[in-house]
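Participant: fold the following, please.
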Amino acid sequence: MEARETLVRIVLVALLLYAAACLLASRRELYAAGREEQALSARLEAIEQENLAVGRHLTEGWSEEELEALARERLGLVLPGDRVFRFPSENPEEAPGVDRSAGRISETRQTERIIHGVADR
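Facilitator: Next comes the predicted model:
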């Protein structure tokens with residue numbers, strides 16, 4: 001009988017350790033899900049604020065300054081008289097004209113930076 005009781009105790013301890021390991025893994029997953037929920041909540045709040053701003057612009061209209069800023073920032077448009085400076089990319093891996101076999105940037109494709117303002121005449 002004593003061998004049987006020892007075996008039962010060993011099995012019970014093993015089951016208890018397994019249950020504790022499963023509980024610990026579940027806690028880690030719950031913690032990670034909580035962090036992800038916080039990040040998604042913050043993102044949702046930012047998107048809701050942006051939606052409110054867009055709705056306000058739809059009802060009130062866009063000012064000329066806002067339209068110009070959007071055209072410059074998102075579309076890369078320039079006004080007559082603006083100066084456009086072209087510089088080689090700081091990170092050759094991100095440049096579209098990278099010749100990977102030779103490790104150099106082709107001269108025809110370069111990063112474009114726009115300096116806004118009227119050029120001196």
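Participant: contacts and neighbour counts: CA atoms only from here.
Facilitator: Fine.
Participant: is it true that V78 lies in a helix?
Facilitator: No: under DSSP: H, G, I helix; E, B strand; the rest coil, V78 falls outside any helix and is assigned coil.
Participant: that one contacts R72, doesn't it?
Facilitator: Yes: the criterion here is CA atoms under 8 Å, and V78 meets it with R72 at 6.4 Å.
Participant: where does the residue nearest the centre of the chain land in three-state SS?
Facilitator: When CA atoms, centre = their mean is applied to the chain, the residue found nearest the centroid is R43 (10.5 Å). Assigned with three-state DSSP, R43 falls in the helix class.
Participant: list the contacts for it?
Facilitator: Neighbour list for R43: empty [criterion: CA atoms under 8 Å, 6 or more residues apart in numbering].
Participant: mind doing that once more with 10 Å?
Facilitator: E37, Q49 (CA atoms under 10 Å, 6 or more residues apart in numbering).
Participant: gap between it and L77?
Facilitator: R43 sits 29 Å away from L77, going by CA to CA, to the nearest Å.
Participant: check which helix or strand L16 maps to.
Facilitator: In the assignment (DSSP states H and E), L16 maps to helix 2-60.
Participant: mind checking which helix or strand of this structure has the lowest mean pLDDT?
Facilitator: Within the chain, no helix or strand scores below strand 104-105, which has a mean of 44 by mean pLDDT, DSSP states H and E.
Participant: what number of residues lie near A71?
Facilitator: Close neighbours of A71, defined as other CA atoms under 10 Å, add up to 14.
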